[in-house]
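J.: Have a look at this fold, sequence not included:
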């Protein structure tokens, strides 16, 4: 298997007029592809290669696909300012790839999009993994705390600010953050296009709109019938862990795991454990 760090960037044209940038580990013939939805301001290179390699290195050599949604990174088009429109764009990518049914893993804002896809096109999603996630319209989710948006929501951010939000304050978690950043930047050629300031603004508009309190909208999740795995770090300052408990409680067939000594980027810090947990969830009856 080729490591994620060495996979080529590819493009596919969809009927909505968008050319989507993506990477595909291949393999997994006969198995269900796992499609990943990225976090705020992230692109193809914002995934930890160790996580993707672990997800793909299963007995079935699982096919793992990452992509830039419309207007993000190397994809064309304009980034929408609502989660609903982002979900429609993601569905267009799945159709262009001729993926009739998939397993979805959504991370952060990607988890919002994944929920919307599962609600709008339930037949497309066999199983759903929601990492660092919250339900739509939960009280307190209207935007992020000032220190969080100050660290990652400005035009220019540093690795130190990223680590401060994505990893816990402990020395062990911060060290894991440094190692994850090194893995992400180990690729020096054919890197993905950086997300623009316009994309980040549109994404944060979508985050804020998603978080406008409306108790009635929480009930939408009760109609999800597929198995769902909800996961988070115990010290996430961006999407607090109690939202993961709330989310799991609203979904009929949800499992929940909170990873210790970790924050928003728990899935990078605990990449081996998380990948094993995801694999067990995807293959169990």
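T.: Cool, got the structure. Since this is a predicted model, take the numbers as computed values, not measurements.
J.: all helices of this structure, in order?
T.: Secondary structure of the chain (DSSP state H): helices located at 49-56, 83-96, 109-120, 146-152, 159-166, 171-184, 197-210, 241-250, 266-269, 271-283.
J.: For residue 41, find the nearest of these.
T.: helix 197-210 (4.9 Å; Cβ to Cβ). All C-beta spots, glycine's among them, are computed from the backbone N, C-alpha and C.
J.: Lowest average pLDDT across the helices of the chain?
T.: Ranked by mean pLDDT, those bottom out at helix 146-152, with a mean of 90.
J.: returning to that earlier point: export the helices of the chain to JSON lines and append columns for mean neighbour count.
T.: Below are these laid out as JSON lines (neighbours: other Cβ atoms under 10 Å):
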{"stretch": "helix 49-56", "mean neighbour count": "22"}
{"stretch": "helix 83-96", "mean neighbour count": "21"}
{"stretch": "helix 109-120", "mean neighbour count": "24"}
{"stretch": "helix 146-152", "mean neighbour count": "16"}
{"stretch": "helix 159-166", "mean neighbour count": "19"}
{"stretch": "helix 171-184", "mean neighbour count": "17"}
{"stretch": "helix 197-210", "mean neighbour count": "18"}
{"stretch": "helix 241-250", "mean neighbour count": "19"}
{"stretch": "helix 266-269", "mean neighbour count": "28"}
{"stretch": "helix 271-283", "mean neighbour count": "18"}
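J.: Relative to residue 135, which of these is closest?
T.: Using Cβ to Cβ, the nearest of the helices of the chain to residue 135 is helix 241-250, at 4.9 Å.
J.: which other helices and strands contact the closest one?
T.: strand 228-233, strand 254-259 (3 or more Cβ pairs under 8 Å, 6 or more residues apart in numbering; DSSP states H and E).
J.: repeat that for 10 Å
T.: Of the remaining helices and strands, those touching helix 241-250 by 3 or more Cβ pairs under 10 Å, 6 or more residues apart in numbering; DSSP states H and E are helix 109-120, strand 125-131, strand 228-233, strand 254-259.
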